[in-house]
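sequence first, then the predicted structure, then my questions.
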Amino acid sequence: MKTFINLAITSSLAMFISPLVFAQAPAQGAGVVTLGGEVIDSACGLELASVDQSIEMTPEPIGRLLRNTIGAPHPFQLRLVNCSLTRPDPSRPGATLPDWQHLQVTFDGPRDRNGRSFAALGDSQGIAIHIWDAAGQESVPGEPMALLPLAEGDMTLHYTLRLVGNGLPLMPGAHSAAVRFKLDYF
C-alpha cells in the first residue's frame, strides 16, 4: 500500500542585533498543505487531522543557530486509525493474504546537505530542514526509514523537524519547504 501526502513547513529566520532591537523578514510565513494521492491497498487509514498539516516554525535567531548548530525542535505526528492486520484477497472471495506486519515511512522532497536533509526554499540562506523519528533515527530524503511493527487499532507516529546548517553563510529571511511522505505496509 502506498499513500502519498505533502507536508508543508514554513518558518522565518531572524537576526538579533541587540537584546531589544532585531531585523526580521517582513512576512513570518504561512503555509497550506496540498494533498493528493491514491490508496492501492491499505492496512490503516490516516486521521484527517494528520492529513492536513502545516507546521509553523517560530523565527529562529541566527545567533542561536550559530551557538547550538541546530534549531529549536518542532514536533509533528502522523496518526494512523482503524489499522487491520488482516488482508482479504481481492482475487479470491473469502480467502486472505498473509497478515500485515510492518509499516515503513519515507519522507521525500528537494534535498540539501549532499542529500542528507530537505532544502529550505526562500530568502534565507545557510539552513536546511532535518527530520527525526521518536527513536532518534534520521530521515534521509527519498530513503525508507526503519520498519515499524504494525498494530491493530490506532497508532501515532511521532517526528521532530529542526533547522540545521548547510555550510553556506547564514542570511536572515523567510523560507518554506514541502515534504512528501509515503506509507508502505508489509
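Done, it's in.

could you pull up the residues touching residue 68?
Under the criterion of Cβ atoms under 8 Å, 6 or more residues apart in numbering, the contact list for residue 68 is empty. Bear in mind the C-beta positions are built from the backbone N, C-alpha and C, glycine included.

would you quantify the distance from it to residue 61?
10 Å (Cβ to Cβ, to the nearest Å).

same thing with residue 55?
19 Å.

and if you look at residue 43?
In terms of Cβ to Cβ, residue 43 sits 43 Å off from residue 61.

pLDDT of stretch 157-168, averaged?
Stretch 157-168 shows a mean pLDDT of 96.

cool, stretch 87-105 as well?
Taken as a whole, stretch 87-105 carries a mean pLDDT of 92.

next: stretch 114-128.
For stretch 114-128, mean pLDDT rounds to 96.

what segments of this structure are helices?
Under the criterion DSSP state H, helices of the chain are mapped to 48-51, 62-68.

chain center to the last one: distance?
The gap between where helix 62-68 is centred and where its chain is centred comes out at 23 Å by Cα atoms, centre = their mean, to the nearest Å.

tell me the buried residues in it?
Neighbour counts using 16 or more other Cβ atoms under 10 Å place 62, 65 of helix 62-68 among the buried residues.

next one: stretch 169-186
170, 172-183, 185.

now do residue 151 against residue 81, distance only.
From residue 151 to residue 81 the distance is 12 Å (Cβ to Cβ).

returning to that earlier point: residue 43 and residue 61 - which one has more neighbours?
residue 43 (25 against 18; other Cβ atoms under 10 Å).

pretty sure the more buried one contacts residue 84?
Yes. With contact defined as Cβ atoms under 8 Å, residue 43 counts as touching residue 84 (6.2 Å).

common neighbours of the two, please.
residue 100.

next, count neighbours for the residue lying closest to residue 186 once chain neighbours are set aside.
Take residue 186 and drop its neighbours on the chain: the residue closest to it by Cβ to Cβ, 6 or more residues apart in numbering is residue 102, 4.4 Å away. Using other Cβ under 10 Å, residue 102 has 13 other residues around it.

what sits against residue 102?
147-150, 185-186.

quick one: it and residue 150, what's the gap?
Distance, residue 102 to residue 150, using Cβ to Cβ: 6 Å.

check residue 118 too.
26 Å.

neighbour count for these two, which is higher?
The neighbour comparison of residue 118 against residue 150 (other Cβ under 10 Å) goes to residue 118, with 25 against 20.

residue contacts, the residue nearest to the more buried one when sequence neighbours are not counted?
Ranked by Cβ to Cβ, 6+ apart and with sequence neighbours excluded, the top spatial neighbour of residue 118 is residue 129, at 4.3 Å. Contacts for residue 129 (Cβ under 8 Å, 6+ apart) come out as 9, 112, 117-120, 161-164, 177, 179.

would CSV of these with distance to residue 97 be doable?
Formatted as CSV, these follow (distance: Cβ to Cβ, whole Å):
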residue, distance to residue 97
9, 37
112, 40
117, 37
118, 35
119, 39
120, 42
161, 35
162, 40
163, 43
164, 41
177, 37
179, 31
